[in-house]
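Chemist: predicted model and sequence follow; I will ask about them next.
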Amino acid sequence: MNITEVMSRNVTLGDGKPKICIPVTAVTRQELVEQCTQIGRAPFDIVEWRADYYEDTADEGWLPKALEILRGMLGERALLFTFRTKEEGGVRSISPEEYAHLNEKAAASGLVDFVDLELNRGEDLLSSLTEKIHSCGVKVIGSYHDFAGTPDCHTIVTILCRMQKLGVDVTKAALMPEKEEDVLEVLAASLAMKKQYADRPFITMSMGPYGAVSRLCGALTGSAVTFATAGRSSAPGQMDAAFVAEALSALQPGA
């Protein structure tokens, strides 16, 4: 299957080389600066700001102020804005209206390159928000998370293909394995997407200790991004970015 690459700022997704994304999970502005400083010492391609962790929200301008700090410290490195809802493994629950407002405002700031939108907020909301975010020149990662288990290969492929049809630029599925075979379902779904169904970049991962291998083999399975740490993790099973970079390099065909 021919996958159309997605380019934003200094990063290209879907070119066969998995990119490293490091999450920022700061609670305060001071932590935001500290974590960005720590990330600057690690190998990475994208930084994900997990805004659901952030608690310095007393004034109305908290969102652009935080984004300005991030952009100032990241320079021309790619920035992904994510408000992960509690229902999808995040820190906070918010209304659909507030969810839409935050993501639109982040995209309109001109400071972010990607916005993560959850499939489980509803297909209509995902579709309409994607159009609005695209109008700001920002790319959309459509995401699906299951912290309770792992569906079969066919179901995972169906979920990713649904998001393709809704117009997102990159699709993502993160599943929690209960046994070793669950990890193989995720890897099989990834390979099926790469060979048969994906017309744009996709991201897949099996979380937790069982799923660690899925975060390292994107060059084989086609997964375009792997999430790694430079300090605090944002999901079970994330590994140190320096180790991940070394492993990805060793496993890249032709390395």
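Modeler: Noted; the coordinates are in hand.
Chemist: which other residues reach whichever strand in the chain runs longest?
Modeler: Identified as the longest strand of the chain according to DSSP state E is strand 139-146. Residues from elsewhere that reach strand 139-146 (Cβ atoms under 8 Å, 6 or more residues apart in numbering): 6, 8, 80, 84, 88-89, 113-120, 126, 129-130, 133-134, 159-160, 163, 166-176, 203. C-beta: built from backbone N, CA, C; applies to glycine.
Chemist: which residues touch the worst-scoring helix or strand of the chain on mean pLDDT?
Modeler: Here the helix or strand of the chain ranked lowest by mean pLDDT, DSSP states H and E is strand 239-240, holding a mean of 86. If you take Cβ under 8 Å, 6+ apart as the criterion, strand 239-240 is touched by 212, 215, 228-230.
Chemist: what's the end-to-end length of stretch 12-32?
Modeler: 26 Å (Cα to Cα, to the nearest Å).
Chemist: where does pLDDT dip in the protein?
Modeler: 231-237, 254-255 (pLDDT under 70).
Chemist: 50 instead, please
Modeler: Residues of the chain meeting the criterion pLDDT under 50: none.
Chemist: for it, which segments count as helices?
Modeler: 29-39, 62-74, 96-108, 123-134, 153-165, 180-192, 218-221, 241-251 (DSSP state H).
Chemist: what residues sit buried inside the fifth one?
Modeler: Within helix 153-165, the residues that qualify as buried by neighbour count (16 or more other Cβ atoms under 10 Å) are 153, 156-157, 159-164.
Chemist: ditto for the last one
Modeler: The neighbour-count check on helix 241-251 (16+ other Cβ under 10 Å) flags 241-242, 244-245, 247-248 as buried.
Chemist: just want the angle from that helix to helix 29-39.
Modeler: 30 degrees (axes from the mean of the first three to the mean of the last three Cα atoms, to 10 degrees).
Chemist: can you get me the start-to-end distance on stretch 78-89?
Modeler: First-to-last residue span, stretch 78-89, Cα to Cα: 23 Å.
Chemist: swap in stretch 88-104?
Modeler: 19 Å.
Chemist: who's in contact with it?
Modeler: Stretch 88-104 has contacts (Cβ under 8 Å, 6+ apart) with 50-53, 63, 81, 83-87, 115, 117-118, 120-122, 125, 129, 132-133, 143, 145, 147, 235.
Chemist: of the contacts of strand 239-240, closest to residue 195?
Modeler: residue 215 (20.6 Å; Cβ to Cβ).
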